[in-house]
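Asks: mind looking at a prediction? Sequence and model below.
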Amino acid sequence: MSTADRDALLEITRMLDAPPAQVFCAWLDREEWQTWIGPEGVNCEVPLMEPQVGGRYRLVMHLPDGQMIRVAGVFKTIDSPRELAFTWGPDGGAYDTLVTITLRPVGDGTELTLRHEGLLTIENRDGHGKGWNSALNKLERYLAAKGPV
């Protein structure tokens, strides 16, 4: 791995006040994911969700300025409630990146680590970092509002 590749790797760790199984479900249930995925101020729809290894997903981010960003990918790993991996890239685009979500129980909560690989530039990494951190803020609020299951 070159220095540029290592530098463009994104890794975020968050503590969430919910058990791993509940957090895991928030990533794989279409209605739940659609509620919080995407940066703050962005509404998303998930028209396709096939939560199985080899299954596909598609999401559309509706930006406040009226633009739409279409993202699609394939689930690579589904190991409930520990790990989830999926490709992430422009719908119909020429490249995919890999997102791996690792969940670890800590007390009554969950340590979530998001690793996003294949981001080609530092600028791309930083932009995705802002987007993922914002989406994880929404996930935290979603889980808090939902309460324990």
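Replies: On my side now, so go ahead.

Asks: from the chain's centroid, how far away is the one helix or strand residue 105 maps to?
Replies: If you go by DSSP states H and E, residue 105 is part of strand 97-106. On the basis of Cα atoms, centre = their mean, to the nearest Å, strand 97-106 sits 9 Å off its chain's mean C-alpha point.

Asks: now that strand: buried residues?
Replies: When burial is assessed from 16 or more other Cβ atoms under 10 Å, strand 97-106 yields the following buried residues: 97, 98, 99, 100, 101, 102, 103. The C-beta positions use only the backbone N, C-alpha and C, and glycine is treated the same way.

Asks: in its sheet, which strands sit next to the longest strand anywhere in the chain, and in what direction?
Replies: If you go by DSSP state E, the chain has its longest strand at strand 68-79. Within its sheet, strand 68-79 is paired with strand 56-62 (antiparallel), strand 83-90 (antiparallel), according to DSSP bridges.
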